[in-house]
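A.B. asks: sharing a sequence plus its predicted fold:
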Amino acid sequence: MQLFYNAYISENVTSFSFDKDESRHIVKVLRKKIGDALHITNGKGWLFEATLTLADLKHCCVTITSKRLQPKRNFNLHLAVAPTKMNDRYEWFLEKATEIGIEEITPIICDNSERKIVKLERFEKIIQSAMKQSLQYYLPKLNKPVHFKDFITKDVSDHKFIAHCEDTNKKSLKSQLTKENDITILIGPEGDFSPIEIELALKANYIPITLGTTRLRTETAAITACHSVSFSNE
């Protein structure tokens with residue numbers, strides 16, 4: 001199934017027009033014709049089945065024939081992950097986390113961050129593409145970058161964890177996970193969280209965790225955490 005995404009379709013819409021780029025993709029690449037079925041999501045849980053009524057390279061129109069709402073997961077996962085030095089590694093994390101399943105992502109700027117500026121527009125497109133590819137109907141929320149010290153003051157989930165590399169008393173993430181709980185996990189930059197940041201997180205009631213016996217790159221740690229949470233809720 002080929003899934004299209006448009007944030008502006010509501011459950012009350014009966015017809016819809018695609019923009020020029022998607023119209024060209026429908027006609028030129030997918031070779032769709034009048035009468036063919038298309039599937040569209042608005043990223044808010046709705047799947048719309050539609051019939052193509054106008055097939056033009058610049059302007060395609062559909063009529064909505066059916067719709068259904070996919071239930072949300074019974075838990076919420078929020079990963080706050082420091083941007084990586086190489087953008088493509090962070091983009092890989094965004095893609096794979098979306099495929100596995102995640103509700104919210106926040107880039108956090110840390111003391112040891114080598115990259116402090118991110119391209120949210122490109123990140124958003126990667127998330128949208130991964131949502132469509134994995135046939136999901138909820139688009140993960142991508143927040144604007146925020147400094148670590150500001151993030152830990154925010155009101156997030158009751159279950160809060162920080163994954164760091166310091167040789168201190170830490171618990172395994174696996175041992176801390178229980179089903180159907182909202183979870184927030186902090187993942188630091190290549191240089192890890194600074195001792196001051198770790199101390200601040202602990203004071204903010206974040207539980208220090210380990211993700212295994214080996215040292216992981218930022219994006220690998222984030223994917224490991226994402227998969228662990230999803231797997232524990234199966």
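C.D. replies: That came through, no problem. All figures in this text were calculated on a predicted structure; none of them were measured in a lab.
A.B. asks: for stretch 136-148, give me every contacting residue.
C.D. replies: Stretch 136-148 has contacts (Cβ atoms under 8 Å, 6 or more residues apart in numbering) with 5, 7, 41, 43-47, 70, 72, 82-83, 94, 97-98, 101-111, 116-118, 120, 123-124, 127-128, 131, 186, 193, 197, 200. All C-beta spots, glycine's among them, are computed from the backbone N, C-alpha and C.
A.B. asks: quick one: mean pLDDT over it.
C.D. replies: Mean per-residue pLDDT for stretch 136-148: 97.
A.B. asks: report the buried residues of that stretch.
C.D. replies: Neighbour-count burial for stretch 136-148 flags Q136, Y137, Y138, L139, P140, L142, P145, V146, F148 (criterion: 16 or more other Cβ atoms under 10 Å).
A.B. asks: same question for stretch 145-163.
C.D. replies: Residues of stretch 145-163 classed as buried by neighbour count (16+ other Cβ under 10 Å): 145-146, 148-149, 151-152, 156-157, 159-163.
A.B. asks: with stretch 97-113 instead?
C.D. replies: 97-111, 113.
A.B. asks: dump that stretch to PDB, keeping only the CA atoms.
C.D. replies: C-alpha atoms of stretch 97-113 as PDB (Å, rounded to 0.1, in the frame of the first residue of the first chain):
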ATOM      1  CA  ALA A  97      12.700   5.600  15.700                       C
ATOM      2  CA  THR A  98       9.700   6.500  13.600                       C
ATOM      3  CA  GLU A  99       9.600   3.100  12.100                       C
ATOM      4  CA  ILE A 100       9.800   1.400  15.500                       C
ATOM      5  CA  GLY A 101       7.300   3.700  17.100                       C
ATOM      6  CA  ILE A 102       7.700   6.900  19.100                       C
ATOM      7  CA  GLU A 103       5.500   9.800  20.100                       C
ATOM      8  CA  GLU A 104       7.800  12.700  20.700                       C
ATOM      9  CA  ILE A 105      11.400  13.800  19.900                       C
ATOM     10  CA  THR A 106      13.300  16.700  21.300                       C
ATOM     11  CA  PRO A 107      16.800  17.700  20.200                       C
ATOM     12  CA  ILE A 108      18.700  18.800  23.400                       C
ATOM     13  CA  ILE A 109      21.700  21.100  23.300                       C
ATOM     14  CA  CYS A 110      24.200  19.900  25.900                       C
ATOM     15  CA  ASP A 111      27.600  21.200  27.300                       C
ATOM     16  CA  ASN A 112      29.500  18.700  25.100                       C
ATOM     17  CA  SER A 113      27.300  19.100  22.000                       C
END
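A.B. asks: average pLDDT for that stretch, rounded please.
C.D. replies: Mean pLDDT, computed over stretch 97-113, is 97.
A.B. asks: work out the gap between that stretch and the centre of the chain.
C.D. replies: Centre-to-centre, stretch 97-113 and its host chain are 8 Å apart (Cα atoms, centre = their mean, to the nearest Å).
A.B. asks: same check on stretch 193-211?
C.D. replies: Chain-centre distance of stretch 193-211: 23 Å, with Cα atoms, centre = their mean.
A.B. asks: just to revisit the earlier point, among the contacts of stretch 136-148, which lie within strands?
C.D. replies: The strands, defined by DSSP state E, take in Y5, T41, W46, L47, E104, I105, T106, P107, I108, I109, L186 from the contacts of stretch 136-148.
A.B. asks: which of the residues you listed sit farthest apart?
C.D. replies: Largest separation among these by Cβ to Cβ: L47 and I109, giving 36.3 Å.
A.B. asks: circling back: need the buried residues of stretch 145-163 in TSV (columns: distance to Y90).
C.D. replies: TSV is the format used below for these (distance: Cβ to Cβ, whole Å):
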residue	distance to Y90
P145	11
V146	15
F148	16
K149	21
F151	17
I152	21
V156	21
S157	23
H159	24
K160	22
F161	20
I162	19
A163	16
